[in-house]
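Student: Test case, fold it:
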Amino acid sequence: MLRNAWFVLLFIMFLTACGGNNILGNNNQNTNKVEEFSYEVEDFTFTNQDGEEFSKSVLEGKFWIADMIFTNCETVCPPMTANMARLQRMLEEENIDAELVSFSVDPTNDSPEILKDYIEKRGGTFDNWNALTGYSDDEIKSFAINSFKAFIEKPENNDQVIHVKTFYLVTPDGKAIKRYDGEKADNMEKIVEDIKAMN
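Tutor: Numbers count the residues shown, from 1 in each chain. The predicted model follows:
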């Protein structure tokens, strides 16, 4: 019991509700330094902003960028979502065929309609961006840790969720290979550069 309490305390020290520095999904303080790795993203079939099924198989053969957000977020999610919209425009300007995927970490509250409205208000469109929900809290926690080594926790009696503020670059064969600080606007340029270098 004491050991579990100590573990939780350590995470609370380093993470704040809805963001903060990542432990398992480590954000770098130097925005030009991007950690490289290779994580196989689990297969999934979730519900997108239009209430339709959306699966990992749809993304095969394309680069895609993933993040984790929720619409009641009071800190990092609004700038992250605005940056994803900025990235969307940059990809279009560079004629890069890549997809964007936002996973809600608060699926109980984030309906497809709410997610759609949230992203549209921050400048996003849905030609190549899918916002996903339609799973349980436990399912998204398991998916995040298995696919991205990303920690998610929703404290009891709190409407804020502890989660990473990371954008993940996923290859056409479904492997997450790089992560970027989603709060940093200049990291959007780095994502574009990295995809261009690999195409």
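
Student: how about low-confidence regions in this protein?
Tutor: 1-35 (pLDDT under 70).

Student: got the residue ranges for the helices in it?
Tutor: With DSSP state H as the criterion, the chain has helices at 2-14, 77-93, 112-120, 137-148, 186-198.

Student: Pick the most buried one from these.
Tutor: With neighbours defined by mean count of other Cβ atoms under 10 Å, none of those is more surrounded on average than helix 77-93, at a mean of 20. (Glycine included, C-beta is placed from N, CA and C.)

Student: quick one: the residue nearest the centre of the chain from N95, how far?
Tutor: Nearest to the mean C-alpha position of the chain, counting by Cα atoms, centre = their mean, stands D67 at 1.1 Å. Between D67 and N95 the computed distance is 23 Å (Cβ to Cβ, to the nearest Å).

Student: Next: N128.
Tutor: 12 Å.

Student: of those two, who's got more company?
Tutor: Neighbours per residue, other Cβ atoms under 10 Å: of N128 and N95, the larger number sits with N128, 18 against 6.

Student: Is the residue nearest to the centre of the chain bridged to anything, and to what?
Tutor: S102 (DSSP bridges).

Student: Please tell me I have it right and it contacts S104.
Tutor: No - with contact taken as Cβ atoms under 8 Å, D67 and S104 are classed as non-touching, separated by 10.5 Å.

Student: what touches both of these two?
Tutor: Common contacts of D67 and S104 (Cβ atoms under 8 Å, 6 or more residues apart in numbering): none found.

Student: how many other residues sit next to E156?
Tutor: Neighbour count for E156, taken as other Cβ under 10 Å: 4.

Student: Tell me how far it lies from T133.
Tutor: The gap separating E156 from T133 is 21 Å, by Cβ to Cβ.

Student: Kindly report the same for D50.
Tutor: Distance, D50 to T133, by Cβ to Cβ: 11 Å.

Student: list the contacts for the residue nearest to I114 when sequence neighbours are not counted?
Tutor: The shortest distance from I114 to any non-neighbouring residue, by Cβ to Cβ, 6 or more residues apart in numbering, is to T71 (5.4 Å). Residues in contact with T71 (Cβ under 8 Å, 6+ apart) are 77, 104, 106, 109-110, 114-115, 118.

Student: let's see 7 Å
Tutor: Residues in contact with T71 (Cβ atoms under 7 Å, 6 or more residues apart in numbering) are 110, 114-115, 118.

Student: so I119 touches T81, yeah?
Tutor: Yes - when contacts are counted by Cβ atoms under 7 Å, I119 is listed as touching T81 (6.1 Å).

Student: Reformat the contacts of T71 as JSON lines; add distance to D173.
Tutor: As requested, the contacts of T71 are exported to JSON lines (distance: Cβ to Cβ, whole Å):
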{"residue": "D110", "distance to D173": "29"}
{"residue": "I114", "distance to D173": "32"}
{"residue": "L115", "distance to D173": "27"}
{"residue": "Y118", "distance to D173": "30"}
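
Student: now, which of these sits nearest K62?
Tutor: Distance to K62, by Cβ to Cβ, is smallest for L115 among the contacts of T71, at 21.1 Å.
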